[in-house]
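**Q** structure for the following, please:
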Amino acid sequence: MNSLQEIRAGFIRIYEDIVRAKGLPTIMGRILAVLLLEGRELDHKEISSLTGYSMASVNRTLNQLVSFGMLRKHKDPVKKHFVFHASIDFSELFADSIEKMIRVYETQRDEVNELTQKLNSLDAKGNEAEIKRVRDLLNKFERVLGISMEVLENMLKELASQERYQLNP
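**A** Numbering: from 1, shown residues only. Model prediction:
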């Protein structure tokens, strides 16, 4: 039987996986998920308790998340110390990942084009078959990158156009 605690843990794992896919430490995903699940501002002690991470790790990560623009912080007038809340929505999180993938693919496509140009300038004496094989491989890879970039760009446009994805935490 599923409990609310198991479901919350599953949601936290999802966020950890999302930030891991972005090349960020899983602690960031855990902190973001906890803030979303709690639905209120939390101080660093509460976040440490709810995530299971040490105060030092939480403080360091909170500062990084604030600098990335994923969290906001302000001094709570009652508690007299800083509290944090998520300032990124789901669509922004996914759109950022897609944009990064597009930039990586653009760089890879440029590198493939550069390699193709170098290959075309080689003296083919005795290496015609290998040069043809490498050229075919590079051309196929470039086509796959182009198709992948087109799909990602369309996903990004669709995500930006859909109001239903504009879910603010």
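**Q** list the buried ones in the worst-scoring helix or strand of the chain on mean pLDDT?
**A** One helix or strand of the chain scores below all others by mean pLDDT, DSSP states H and E: helix 90-120, with a mean of 88. Neighbour-count burial for helix 90-120, counted by 16 or more other C-beta atoms under 10 Å, picks out 91-97, 101-102, 105, 109, 112, 115-116. C-beta: built from backbone N, CA, C; applies to glycine.
**Q** and these, which is closest to residue 55?
**A** Distance to residue 55, by C-beta to C-beta, is smallest for residue 93 among the buried residues of helix 90-120, at 25.7 Å.
**Q** pull the contacting residues for the residue lying closest to that closest one once chain neighbours are set aside.
**A** Among residues not flanking residue 93 along the chain, residue 18 sits closest, at 6.5 Å (C-beta to C-beta, 6 or more residues apart in numbering). By C-beta atoms under 8 Å, 6 or more residues apart in numbering, the contact list for residue 18 reads 29, 93, 97.
**Q** related to what we said a few turns ago, using CSV, lay out the buried residues of helix 90-120 together with distance to residue 140.
**A** Shown next, in CSV, are the buried residues of helix 90-120 (distance: C-beta to C-beta, whole Å):
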residue, distance to residue 140
91, 33
92, 34
93, 32
94, 29
95, 29
96, 29
97, 26
101, 19
102, 20
105, 15
109, 13
112, 10
115, 13
116, 12
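**Q** for this structure, which spans come out with low pLDDT?
**A** Within the chain, the ranges that satisfy pLDDT under 70 run 1, 89-90, 163-169.
**Q** what residue lies at the spatial centre of it?
**A** Centroid check for the chain by C-alpha atoms, centre = their mean gives residue 22 as the closest residue, at 3.1 Å.
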